[in-house]
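In: My questions are about this predicted structure, shown below with the sequence.
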There are 2 protein chains.
Amino acid sequence: MTRTHHQHPRFQLRLVSGKDVVIGPGKADLLDAIGRTGSISSATREMGLSYKKAWQLINTMNEHFAEPVISTVSGGSQRGGAELTDFGHRVLEQYRALQARLTAENAPETQALLDLLAPADAPDP
Amino acid sequence: MTRTHHQHPRFQLRLVSGKDVVIGPGKADLLDAIGRTGSISSATREMGLSYKKAWQLINTMNEHFAEPVISTVSGGSQRGGAELTDFGHRVLEQYRALQARLTAENAPETQALLDLLAPADAPDP
DNA sequence: TTCCGTTATGTATAAATGGAAATAGCGGGA
DNA sequence: TCCCGCTATTTCCATTTATACATAACGGAA
């Protein structure tokens, strides 16, 4: 296999508006990677996706949120890069907080649905 | 426009296992439509998707859940059809219950994230 | 036996998606 | 001035995904 996939059953959360996914697991991970690595490019290398795709993901976020989620610099002594804006940090933080509500500990309904899965999907092996 | 899209920003929930989406908004709506209409075919006509696609969605659900979510009949006086199994009803019910936890009323974090959207996305117009 | 609408499946085509690669501009340092 | 790695964008191509269409079987009624 070329890429490790999360194997265990899990819940994913998306904020959708019209036809666009404003934020979801992939965009949240991208924001996190940009914040950690300091550039879009390095984030894409780490995550294994194309720069174009990453830019599109960021662009749709910027289109739907009230403020840009990252600020970018091209050129300069650091040869450019990107970092999360304060607003971007808040977006990521709120998304993570909401995501945390979906864990089995906090939401009894999640466990009830996981219990309906086949044994092969091993909710808790 | 050819199809009405939900326009308001909303949260969507998916249960994912490996590379498959076990259940999400689309599959839940499909289960609902089958339960209401009494057949896969009529559900697809109502929802505007192909029979093959619907069958595949059902198939992946049946592959991941402990029991089939629908029971089907081909031929007969009613000329065949489909209905939700008791298990399928439980799946849909639990999914809806979990989805309900994502409403702004119940989860303060949802409103906090919606408040970060641009005015054009009109969280509460 | 023929007819009906459905389930179930395969095949071929169209549409959407994603990636690879090329290109231009940025701006500080050597 | 040239060089570097990054941002930003376009074009082309491969992959994926979905649709359209065709086919067979089902089983009760007429």
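Out: Noted; the coordinates are in hand.
In: Could you report the neighbour count for residue A:49?
Out: Other residues lying near residue A:49 total 16 when counted by other C-beta atoms under 10 Å in any protein chain shown. Heads up, the C-betas are built off the backbone N, CA and C, glycines and all.
In: May I have the secondary structure class of it?
Out: Under DSSP: H, G, I helix; E, B strand; the rest coil, residue A:49 falls in the coil class.
In: Could you check how far it is from DNA strand C?
Out: The gap separating residue A:49 from DNA strand C is 4 Å, by C-beta to the nearest atom of the strand, to the nearest Å.
In: got the phi/psi numbers for that residue?
Out: Reported as degrees, to the nearest 10, the phi and psi values for residue A:49 are phi -130, psi 160.
In: Just to be sure, residue A:15 is in a strand?
Out: Yes: remark: residue A:15 belongs to a strand, assigned using three-state DSSP.
In: need the contact list for it.
Out: Applying C-beta atoms under 8 Å, 6 or more residues apart in numbering or on different chains to residue A:15 gives the contacts A:21, A:22, A:23, A:24, A:95, B:9, B:10, B:11, B:12, B:113, B:114.
In: Figure out the helix or strand that residue A:76 lives in.
Out: Following DSSP states H and E, one finds residue A:76 outside all helices and strands.
In: Look up how far residue B:46 lies from it.
Out: Separation of residue A:76 from residue B:46 (C-beta to C-beta, to the nearest Å): 57 Å.
In: Look at these two and report which has more neighbours.
Out: Higher neighbour count among residue A:76 and residue B:46: residue B:46, with 14 against 8, using other C-beta under 10 Å.
In: measure the closest residue in space to the more buried one that isn't next to it in sequence to DNA strand D for me?
Out: Spatial nearest neighbour of residue B:46, chain neighbours left out: residue B:33 (5.4 Å); criterion: C-beta to C-beta, 6 or more residues apart in numbering or on different chains. Distance, residue B:33 to DNA strand D, by C-beta to the nearest atom of the strand: 14 Å.
In: contacts for the helix or strand hosting residue B:33?
Out: Using DSSP H and E, residue B:33 falls within helix B:25-37. For helix B:25-37, contacts defined as C-beta under 8 Å, 6+ apart pick out B:12-14, B:21, B:40, B:42-43, B:46-47, B:54, B:57-58, B:61, B:69-70, B:82-84, B:88-89, B:91-92, B:95-96, B:99.
In: Take stretch A:85-105, keep the C-alpha atoms, and write them as PDB.
Out: The C-alpha trace of stretch A:85-105 is given here as PDB (Å, rounded to 0.1, in the frame of the first residue of the first chain):
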ATOM      1  CA  THR A  85      -3.800  34.000  11.000                       C
ATOM      2  CA  ASP A  86      -5.300  34.500  14.500                       C
ATOM      3  CA  PHE A  87      -8.600  33.900  12.800                       C
ATOM      4  CA  GLY A  88      -7.300  30.700  11.300                       C
ATOM      5  CA  HIS A  89      -6.200  29.500  14.700                       C
ATOM      6  CA  ARG A  90      -9.700  30.200  16.000                       C
ATOM      7  CA  VAL A  91     -11.300  28.300  13.100                       C
ATOM      8  CA  LEU A  92      -9.100  25.300  13.700                       C
ATOM      9  CA  GLU A  93      -9.600  25.400  17.400                       C
ATOM     10  CA  GLN A  94     -13.400  25.600  17.100                       C
ATOM     11  CA  TYR A  95     -13.400  22.700  14.600                       C
ATOM     12  CA  ARG A  96     -11.300  20.600  16.900                       C
ATOM     13  CA  ALA A  97     -13.500  21.400  19.900                       C
ATOM     14  CA  LEU A  98     -16.600  20.400  17.900                       C
ATOM     15  CA  GLN A  99     -14.900  17.300  16.700                       C
ATOM     16  CA  ALA A 100     -14.100  16.400  20.300                       C
ATOM     17  CA  ARG A 101     -17.800  16.300  21.100                       C
ATOM     18  CA  LEU A 102     -18.100  13.300  18.700                       C
ATOM     19  CA  THR A 103     -16.000  11.000  20.700                       C
ATOM     20  CA  ALA A 104     -17.800   8.000  22.300                       C
ATOM     21  CA  GLU A 105     -17.000   9.300  25.800                       C
END
